[in-house]
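Asker: What shape does this take:
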Amino acid sequence: MPIADSIRAALGSASLIRKMFEEGNQLKKQYGPDQVFDFSIGNPDIEPPPAFHRVFTKLAKEDKKGSHGYMPNAGYPEVRDTLAEKVAREQGLTLEGSHVIMAAGAAGGLNVVLKAILNPEDEVIVSRPYFMEYQAYVSNHGGRLREVDALPDFNLNIRGIQDQLSEKTAAVLINSPHNPTGRIYPAATIAALSEVLQSWGQASGRLPYLIADEPYREIAYTTQVPPILSAYSESVVVNSYSKSLSLPGERIGYIAVSPRIQDKEALLNALIYTTRILGFVNAPALMQRIVAELTFARVDVSVYARRRDAFKQVLDAAGITYAEPEGAFYLFCRVPKGDDQAFVNHLKQYRILGVPGSGFGTPGWIRFAYCVEEKRILASASAFKQAMETW
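Answerer: Below is the predicted model of the structure:
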């Protein structure tokens, strides 16, 4: 039997991030891991903080009846209460546990939200460049993505977003700190976006949701990430512990809903329902209990800061320009005089792996992830120089 036409089409343009990651694995088999400079995928290599291992060991040794069974689809009530306090500190307002839904990572959380709010042909506005799987997440639930080019400094283009608002606009989806640029949207930008959405909602009768995808919130260097929930009433934050605790494989995160949102009970009930019917059923039980005890823990962000600075030195010496990252662990670099896919293929000859900007909707750029050991970053300097000399 044939596969679905939509999936066949999607496979033809599958994630360039994963494609480069798989090519990197092949090169490592061919030349050895130490001979390949793989900056393709944002897979945190820093181990979880020591507190994680202590809590994990403690809970794994418990023999508490029912601790591995089903719980309410929204998650353990006591875990939701604890995380509501954490989110309240970050977002600058009071939350209750009922405003938090536990999720199977940020990707799972985004699909839960989009399933809950989208009608067929509804639109979600996103700033380009963007994490390209947003396309799939929106289309999964019958929606369409509307792309708006960011400003030259990769800040949100508020006027461009305003021009794309229509009666079909269900939400604006933002990501800060941003993948792939590392940009943190300033509080003034969030306030301006909130004003535009509020005005549009009052005039049109439909207030769009503002969805903030925040898995990098705690990986910020010199600039704090402004709150979203206190800035706009119709806002939803989706977060995970994949980056802040280096737990991407454990698939644990949460959805937090503004207490000021219209039809709050209906939305919360919809999120709980879509968590169930999308097949997640509930977030992983053990991980829920672990992260509830680690609300103040995080990886050492200074390690990423040192790697960022080391990589900047390598790129500066090679003559490659880039956007200055304020958070996350990516350097988004302008391709010098040429096509991004051709440049990526050229770099592979020197066993350097990055992801073309086309994979984020922005040709002419390339993304390097610096969640790799600093010594590997420094060791790539010669390869970058040679690659640039022959480009």
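
Asker: contacts, neighbours, all on C-alpha from now
Answerer: Fine.

Asker: quick one: contacts for the spatially closest residue to residue 280 that is not a sequence neighbour?
Answerer: Excluding its sequence neighbours, the residue lying closest to residue 280 (C-alpha to C-alpha, 6 or more residues apart in numbering) is residue 104, at 6.9 Å. Going by C-alpha atoms under 8 Å, 6 or more residues apart in numbering, residue 104 touches 251-254, 280, 282-284.

Asker: The same query, at a cut-off of 10 Å, please.
Answerer: Going by C-alpha atoms under 10 Å, 6 or more residues apart in numbering, residue 104 touches 110-112, 240, 250-255, 275, 280-284, 287-288.

Asker: Please verify my assumption that residue 159 contacts residue 197.
Answerer: No: contact between residue 159 and residue 197 fails when scored by C-alpha atoms under 10 Å: they sit 11.3 Å apart.

Asker: More neighbours: these two, which one.
Answerer: residue 197 (25 against 12; other C-alpha atoms under 10 Å).

Asker: in this protein, which segments are predicted with low confidence?
Answerer: Within the chain, the ranges that satisfy pLDDT under 70 run 1, 12-18, 21, 24.

Asker: Show me the domain layout of it.
Answerer: 5-48+300-389, 66-292 (automatic domain parsing).

Asker: Pipe the ones you listed into a markdown table and attach distance to residue 54 per row.
Answerer: What follows is the domains of the chain, written out as a markdown table (distance: least, C-alpha to C-alpha, whole Å):
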| stretch | distance to residue 54 |
| --- | --- |
| domain 5-48+300-389 | 11 |
| domain 66-292 | 10 |
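
Asker: Residue 60 is nearest to which of those?
Answerer: Of all those, it is domain 66-292 that lies closest to residue 60, at 8.2 Å by C-alpha to C-alpha.

Asker: Any idea how far apart the tips of the closest one sit?
Answerer: 18 Å (C-alpha to C-alpha, to the nearest Å).

Asker: quick one on the thing from earlier: for residue 56, which of the domains of the chain is the nearest?
Answerer: So among the domains of the chain, domain 66-292 is nearest, using C-alpha to C-alpha, at 6.4 Å.

Asker: Mind jotting down where the strands sit in this protein?
Answerer: Secondary structure of the chain, counting by DSSP state E: strands at 37-38, 100-103, 123-128, 144-149, 169-175, 209-213, 235-240, 253-257, 330-334, 352-353, 355-356, 365-369.

Asker: Any chance of those in JSON lines with mean neighbour count as columns?
Answerer: JSON lines is the format used below for the strands of the chain (neighbours: other C-alpha atoms under 10 Å):
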{"stretch": "strand 37-38", "mean neighbour count": "26"}
{"stretch": "strand 100-103", "mean neighbour count": "30"}
{"stretch": "strand 123-128", "mean neighbour count": "24"}
{"stretch": "strand 144-149", "mean neighbour count": "19"}
{"stretch": "strand 169-175", "mean neighbour count": "22"}
{"stretch": "strand 209-213", "mean neighbour count": "23"}
{"stretch": "strand 235-240", "mean neighbour count": "26"}
{"stretch": "strand 253-257", "mean neighbour count": "27"}
{"stretch": "strand 330-334", "mean neighbour count": "23"}
{"stretch": "strand 352-353", "mean neighbour count": "25"}
{"stretch": "strand 355-356", "mean neighbour count": "28"}
{"stretch": "strand 365-369", "mean neighbour count": "26"}
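
Asker: wait, which of those strands is closest to residue 73?
Answerer: Residue 73 sits nearest to strand 100-103 of all these, at 8.2 Å, using C-alpha to C-alpha.

Asker: Give me the packing partners of the closest one, helices and strands only.
Answerer: If you count contacts as 3 or more C-alpha pairs under 10 Å, 6 or more residues apart in numbering; DSSP states H and E, strand 100-103 packs onto helix 77-91, helix 105-117, strand 235-240, strand 253-257, helix 264-277, helix 285-292.

Asker: Okay, now the sheet partners of the shortest one, with direction.
Answerer: This means strand 253-257. strand 100-103 (antiparallel), strand 235-240 (antiparallel) (DSSP bridges).

Asker: want to try JSON lines for these, with distance to residue 38 as columns?
Answerer: Shown next, in JSON lines, are the strands paired with strand 253-257 (distance: least, C-alpha to C-alpha, whole Å):
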{"stretch": "strand 100-103", "distance to residue 38": "30"}
{"stretch": "strand 235-240", "distance to residue 38": "24"}
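
Asker: List the residues that contact the spatially closest residue to residue 253 that is not a sequence neighbour.
Answerer: Distances taken as C-alpha to C-alpha, 6+ apart put residue 240 closest to residue 253, at 3.7 Å, once the chain neighbours are dropped. Residues in contact with residue 240, defined by C-alpha under 10 Å, 6+ apart, are 102-109, 213-217, 246-248, 250-255.
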